[in-house]
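[1] Below is the sequence, then the predicted model.
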There are 2 protein chains.
Amino acid sequence: MKDPLVSLPGYALRRAASAMIAELGERLVEIGLRHTDVSILILIEANARITASALGRALDIKRANMVPLVGRLEAGGLIERRPIDGKSHSLELTARGRTRLAEAWAIIEQFEAELLARVPAAHRDHLLPALNALWQGPPPTLG
Amino acid sequence: MKDPLVSLPGYALRRAASAMIAELGERLVEIGLRHTDVSILILIEANARITASALGRALDIKRANMVPLVGRLEAGGLIERRPIDGKSHSLELTARGRTRLAEAWAIIEQFEAELLARVPAAHRDHLLPALNALWQGPPPTLG
DNA sequence: ACAGGATTGCTATGAAGCATAACAAACGTG
DNA sequence: CACGTTTGTTATGCTTCATAGCAATCCTGT
């Protein structure tokens, strides 16, 4: 079948991402987490006393949508919420959360290694900087 | 804020893809299409008399989910269904569909060019082959 | 020719991600 | 201390994607 789509970087980006997310999801389901959960746990570990709102900003997830995500992690005993002041809560990993995150890291590192291994060596080192330029780069109006 | 995520290719892939899809969506909404619609129209144009099931296989969209997609394109007068045999239908662009697709192509080409322009020149040519290797590459069990 | 398995198109349904609007409570600043 | 902002939250809807099941039709091997 003729497929003009494969020469479009945008289409390749979408297919690669959705295939990757699906496969990562399969692996993470074995420790009862979703990829979004893991990104939240990682950011909490790296930033003690962060709030849900700040997490949402970093992950590009709306405040409203953080509620069920944080709620589920708390219900699972992986994180804890402590009041910072009368309004905000700080999120911190519990001992259980730290253990679970270590398991997640093992899966993630294995997964990322396999991901890179699929890319021909000649292109491999260009992938991360190219991808980061796509979403972290200067706003389109500057170009 | 410390962000260990940005050094993970998988995370960068996800963020880049979702930012890209959102932006493309904004542009396509002006001609009343979604990115999935466009990919369907493109494949129909390139493959006369293709069926919805075959389209689904090419685009990695389940048969069941093709129904509303094809239905909406047909309702909008962009494609036509003709019975091939008692079971299958061939999809073809209408004149209106061809016109709309031409508009879509103009948007897509502009968009893809801007996408690539955001990637530093040193990495630019590596992006498409690297991405295609990620999802078209050999099955993981072979490695 | 025909039986069995595969394919097609479809309905129904649920999970997940993401968006908006609205709200009360609390914060921070001029 | 009043006003604009921020936080956490509820409610809601849309889109994407997955599964299960079904009837009709097809293709293939015998």
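    Yes, it's here.

[2] what are the ranges of the helices in chain A?
    Ranges of helices within chain A are A:9-28, A:35-46, A:52-59, A:63-75, A:95-118, A:121-136, based on DSSP state H.

[3] for the fifth one, packing partners?
    So the one you mean is helix A:95-118. In terms of contacts (3 or more Cβ pairs under 8 Å, 6 or more residues apart in numbering or on different chains; DSSP states H and E), helix A:95-118 is packed against helix A:9-28, helix A:35-46, helix B:9-28, helix B:121-136. Bear in mind the C-beta positions are built from the backbone N, C-alpha and C, glycine included.

[4] Tell me, how many residues neighbour the residue nearest to A:Val70 when sequence neighbours are not counted?
    Of all residues not flanking A:Val70 in the chain, A:Ala52 sits nearest, at 5.1 Å (Cβ to Cβ, 6 or more residues apart in numbering or on different chains). A count of nearby residues for A:Ala52, using other Cβ atoms under 10 Å in any protein chain shown, gives 22.

[5] ok, so what distance separates the closest residue to A:Ile79 other than its chain neighbours from A:Arg100?
    In space, A:Ile79 comes closest to A:Leu73 once its chain neighbours are excluded; the distance is 4.7 Å by Cβ to Cβ, 6+ apart. Going from A:Leu73 to A:Arg100 by Cβ to Cβ, to the nearest Å gives 9 Å.

[6] Give me the common contacts of those two.
    A:Leu41 (Cβ atoms under 8 Å, 6 or more residues apart in numbering or on different chains).

[7] Model confidence for the most centrally placed residue in chain A, exactly?
    The residue lying closest to the centre of chain A (Cα atoms, centre = their mean) is A:Ser39, at 3.8 Å. pLDDT for A:Ser39: 96.
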